[in-house]
Structure formats: C-alpha cells, structure tokens
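Novice: Requesting a structural model of the entry that follows:
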Amino acid sequence: MSEALNTNKKKKSNSISDPRYSCAVGASNTVVGIKGAVPIANCSPGCQLKQTAFLTFENGFQGSIFAGAGNMPSANSTENDIVFGGIKTLDQLIKSTLKVFDGDLYVVLTGCVGGLIGDDVPSLVNEYRDLGYPIVAVDTAGFKGNNLFGHEEVVNAIVDQFVGDYKGERKKGLVNLWFEVPYYNQNWRGDYQELARILRGAGFEVNVLFGPENNGVKDWLRIPEAQFNLVVSPWVGVRNAEHLEKKYGQPFLHIPEIPIGAEATAAFIRKVVDFAGIDKEQSEKFIEQENGIYYYYLEHFSEFFAEYWYGMPSEFAITADSAYTLAYTKFLADQIGLIPRKAIITDDPPQKFRKGIEDAFHNISEGVDVEVEFEEDGYLIEKAIKEVDFSSGKPLILASSWEINLANDKGALFFEITPPSSETLIINRSFVGYKGALNLLEKIYSASVGGK
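Specialist: Model prediction:
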C-alpha cells in the first residue's frame, strides 16, 4: 500500500534553483524588525551576508538600521570552531556585543555549524541571563527549515525566555497583530501600518510587534495583556498563536486571507469585531467612511478602465508565498475581473495547511476556480509559467526578479511581488487594505500605459 501511495506523490527535487526564501537563520531579520533588539548570528561568515543580500538588499533595497545588515554581530565560525567547538568564540562575541550595542533585547541565532556540532548555546546564554542581561537563544539551523520557520522559532523563544509567565488580567479591545514576516515581503512595513490603521479605525488598540509602529520590547512585554491574538496569514504565525494560547490561555483568531480592497477589508473588519465582541458602531462608521473614499477614487479610475481597453491585461500568472499569491489572486479576479491562468506557491507551507489553502483558491470568486500548485524550484516554476498559453492580449505576470526574462519572452506586463526583487526600491509602500488596493491598481495600470 505504501508503494502505491508513493507513486501518486510528486517527487520532490533534491536541489532547488532560484529560491524565493532564505534559510532559518534569516530570522535574524525578525529580530531587526523589533526596535532596540540586537541579533547575534552564531554562524559562518557567509550566512548573514547571504541573508542580507537576499532579504534586505536584493528585495526592494529596503535597507536596515541599528544592528541589522552589515552591522550585525556574527561569530563568523570557521573550521577551527567545527573541530574544537564554537562556544568560546560565541562567548567572546556576546561579551563584545554587550559592550558595543546598548540593546533592550539580544537574540542569539545558531546556524548550521553550531547545530551540527552540538554546541550547548542555551547553557551559555542562560549564564548571561542569570547576570541580568535580556538575552535569548534560538536554534535556527538552516537544515531545519526556511526563514519563515525560523521566524516562528524566534517569536516563541522570545515569548518563553524574555516575556515569561503572566498571571494578570487581559485588556478588552487590545489585540496582538501577527502579520507579515519582517523583511520577507518588500511591503511589510507599509502593510503593517495600513492594517494597524484599519484595526484602530474599527475600535481596537493594536499591539504592533514589528516595524515602524513597534515601540520596542515594551510591546512584547504587553503580549499577555491582549484580549486575543490576530493572525493574518494562511499559516505563518499560527504556531505562535497556538503557543500563546497554551502558555497564557489567550484565544486567537486566524484569518488566512490578507484583505485587499473595500469588499475584502470590510469583511475582515466585521470578522474581527464579531470575534472580539466589541461595540460595532465605530467599526461600521469607519467602514462607511473608508468605502466612500475608496469608491470615490475607483469611480474616477473607471473612466480609464472603460476607455483605455487596448494594451490592458485580462489574464495573469502569479508565483509568490502563500499569503500574497492568495491575496493578489483574489483581488485581481474578484474585484478587477482578471482571469488567473496559473498560481504557484513558493514558501513550502506545512502539509496540514495546504488543504485549506487549496480550498481558498477554489472559492476565489464567483465562477473562478484555480488549481494552485506548490513548488519551490525556480526552474520548474519558470517552466510551468512558460507553458501557459495566454489566450489574448498582453498578460500580467506577478513574480520575482527571477522571472523578468520569462515575462519579456511572453511580452507580458511584469510586476515584482516576492523576493528577490531587484528592479524596485521601496521606502514606504503598501498593497493591502483600502489605500493599498488603490496603490496596487496604480502600479499595474501605469505599466499598461507604458509607465513603470
């Protein structure tokens, strides 16, 4: 029976070309996303260089601050550490980091070298914690998973080793927002701001754990005080919310679809308000106000949409992480009327979430059904899109920089939405919620008339 079952499974390649994620130690950027937090990379010299190049530089040129990117403390483990152990090197690095960086939280992320040779990093970190330093150890060896897995590991480690136990009351209307992985999606900073703005407009007090509106570790210490945790993602962050539920008895609401546009955002707000049980008067007033503004602009856009019919896309192919492949596909198909011809998810979601993700694509819009594919290998992704026979007009391809040449060969409009993204510089941009949807339309249809 097992042999018969195996014949029905798609054989996974032993190698991946042109990846769209980094390894688990890339979760150092999760730490950088917290104001005042200092990552300490316990790994070989090339590891953090590659994470910086892929996630912060060749990904919208987002830039980094404080202890991020080239400023990040690193053990730069060598062959000597592999043979004799790297604890002494790490011990010296921690001492030096504490002198150089005045941080509010230090997180030691151990990569493949320490993971393979079995260095007892937690014991060393415990010694510093006993001395009163706010320091955390987390195993982020690259062979254990990608940077999304590492992100969840870092969050749970901070909760357990820094936030600690809590026996106090929870504050009604206060919500912990678990949303995008810092530095993974190019728009993460602007997206956090827009989603937080929407939740505040609906009547919530929002505890933002990453990005420009994060107030540092004091927001992390408030996590147990929140009425509930809100996870806005098909799968990333669910494991953290489950851990918080077990640790603090704190409920969570999981909304798999990131809202884009008035219809999806209003439904999102009502779902959160219903779950929280707060008064609906403010949220409904906010929805009415935001809808009015959104459709005001959309009405003006509709003249262009009706008159400038030539050169505009009617079909699209998309490949990105599960969160944005779903969000963009739903918005473009349901709200704009474009036809999805191929949807490929690249972030290797755990098996237990895949059925739910597939079901979401089967209900993308009335009369629109998409067979989503899960693929990590860039060669196979490009091959799948290349084989799409777009029926008419200029197609739209939403993908990574790896697909630029493919889009040119197809004569397609091309739009980077996933790492690597080397053709766009991003300072503050969002494509979610009310404002983000209008920005997304501007981006796509500017390309339709020859703009960038």
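
Novice: make it CA atoms for all contacts and neighbour counts henceforth
Specialist: Noted.

Novice: so what pLDDT did the nearest residue to Thr97 once chain neighbours are set aside get?
Specialist: For Thr97, ignoring the flanking residues on the chain, the nearest one in space by CA to CA, 6 or more residues apart in numbering is Pro73 at 6.7 Å. Looking at Pro73, its pLDDT is 93.

Novice: Same question for the one 5 residues further on.
Specialist: According to the predicted model, the pLDDT of Thr78 comes to 68.

Novice: State the next helix or strand along the chain beyond the least confident helix or strand in the chain by mean pLDDT.
Specialist: Here the helix or strand of the chain ranked lowest by mean pLDDT, DSSP states H and E is helix 2-7, holding a mean of 40. Per DSSP states H and E, helix 2-7 leads on to helix 28-32 as the next helix or strand towards the C-terminus.

Novice: Just the CA trace of that following helix, in PDB.
Specialist: Taking Å, rounded to 0.1, in the frame of the first residue of the first chain, the C-alpha atoms of helix 28-32 are listed here in PDB:
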ATOM      1  CA  SER A  28      17.700  37.400  12.300                       C
ATOM      2  CA  ASN A  29      15.700  40.000  10.400                       C
ATOM      3  CA  THR A  30      12.700  39.200  12.600                       C
ATOM      4  CA  VAL A  31      14.900  40.500  15.500                       C
ATOM      5  CA  VAL A  32      15.900  43.500  13.400                       C
END
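
Novice: Report the mean per-residue pLDDT for the helix or strand just after it.
Specialist: Using DSSP H and E, the next helix or strand after helix 28-32 towards the C-terminus is strand 37-42. Here strand 37-42 scores 95 as its mean pLDDT.

Novice: who touches strand 37-42?
Specialist: Applying CA atoms under 8 Å, 6 or more residues apart in numbering, the contact partners of strand 37-42 are 25, 28, 31-32, 48, 66-68, 72-77, 90, 94, 97, 101, 103-111, 114, 216-217.

Novice: Kindly report the same for stretch 352-365.
Specialist: Outside stretch 352-365, the residues within contact range by CA under 8 Å, 6+ apart are 234-235, 322, 326, 329-330, 333-334, 368-372.

Novice: What remains of these if I keep only buried residues?
Specialist: Buried members of the contacts of stretch 352-365, scored by 16 or more other CA atoms under 10 Å, are Pro234, Trp235, Ser322, Leu326, Thr329, Lys330, Ala333, Asp334, Val368, Asp369, Val370, Val372.

Novice: Quick one: those as JSON lines, columns for pLDDT and secondary structure too.
Specialist: Shown next, in JSON lines, are the buried ones among the contacts of stretch 352-365 (pLDDT from 0 to 100; DSSP: H, G, I helix; E, B strand; the rest coil):
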{"residue": "Pro234", "pLDDT": "97", "secondary structure": "coil"}
{"residue": "Trp235", "pLDDT": "97", "secondary structure": "coil"}
{"residue": "Ser322", "pLDDT": "96", "secondary structure": "helix"}
{"residue": "Leu326", "pLDDT": "96", "secondary structure": "helix"}
{"residue": "Thr329", "pLDDT": "96", "secondary structure": "helix"}
{"residue": "Lys330", "pLDDT": "95", "secondary structure": "helix"}
{"residue": "Ala333", "pLDDT": "94", "secondary structure": "helix"}
{"residue": "Asp334", "pLDDT": "91", "secondary structure": "helix"}
{"residue": "Val368", "pLDDT": "85", "secondary structure": "strand"}
{"residue": "Asp369", "pLDDT": "86", "secondary structure": "coil"}
{"residue": "Val370", "pLDDT": "89", "secondary structure": "coil"}
{"residue": "Val372", "pLDDT": "95", "secondary structure": "coil"}
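
Novice: rewinding a little: identify the farthest-apart pair in the contacts of stretch 352-365.
Specialist: Within the contacts of stretch 352-365, Trp235 and Val368 form the most distant pair, 23.3 Å apart (CA to CA).

Novice: pLDDT wise, what is Gln161 at?
Specialist: Value for Gln161, per-residue pLDDT: 98.

Novice: how much space is there between it and Glu152?
Specialist: According to CA to CA, to the nearest Å, Gln161 and Glu152 sit 14 Å apart.

Novice: So which of the contacts of strand 37-42 sit within strands?
Specialist: Under the assignment DSSP state E, the contacts of strand 37-42 contribute Leu105, Tyr106, Val107, Val108, Leu109, Thr110 to strands.

Novice: Of those residues, which pair is most distant in space?
Specialist: Leu105 and Thr110 (16.3 Å).

Novice: Name the residue in the two with the higher neighbour count.
Specialist: Thr110 (27 against 20; other CA atoms under 10 Å).

Novice: check contacts around that one.
Specialist: By CA under 8 Å, 6+ apart, the contact set of Thr110 is Val25, Ala41, Asn42, Cys43, Val121, Ala137, Val138, Asp139, Thr140, Ala141.

Novice: burial count for the fourth one?
Specialist: Cys43 is surrounded by 26 other residues when neighbours are defined as other CA under 10 Å.

Novice: distance of the residue nearest to it when sequence neighbours are not counted from Glu213?
Specialist: Leaving aside its chain neighbours, Cys43 sits nearest to Gly111 (4.8 Å; criterion: CA to CA, 6+ apart). Distance, Gly111 to Glu213, using CA to CA: 29 Å.

Novice: out of the two, which sits in the more crowded spot?
Specialist: A count of neighbours by other CA under 10 Å puts Gly111 above the other of Gly111 and Glu213, at 26 against 16.

Novice: residues contacting that one?
Specialist: Neighbouring residues of Gly111 by CA under 8 Å, 6+ apart: Ala24, Val25, Ala41, Asn42, Cys43, Ser44, Asp139, Thr140, Ala141, Gly142.

Novice: Out of the residues you listed, which is nearest to Ile385?
Specialist: Nearest to Ile385 among those, counting by CA to CA, is Ala24 at 27.9 Å.

Novice: show me where the stretch 301-450 of the chain has strands.
Specialist: Along the stretch 301-450 of the chain, counting by DSSP state E, counting those that start in this stretch, strands occupy 315-320, 339-345, 373-374, 396-399, 413-416.

Novice: which one of those lies closest to Gly249?
Specialist: Nearest of the strands of the stretch 301-450 of the chain to Gly249, taken as CA to CA: strand 339-345 at 33.0 Å.

Novice: Point out the other elements, helices or strands, that that closest one touches.
Specialist: Contacts defined by 3 or more CA pairs under 8 Å, 6 or more residues apart in numbering; DSSP states H and E place strand 339-345 against strand 315-320, helix 322-330, strand 373-374.
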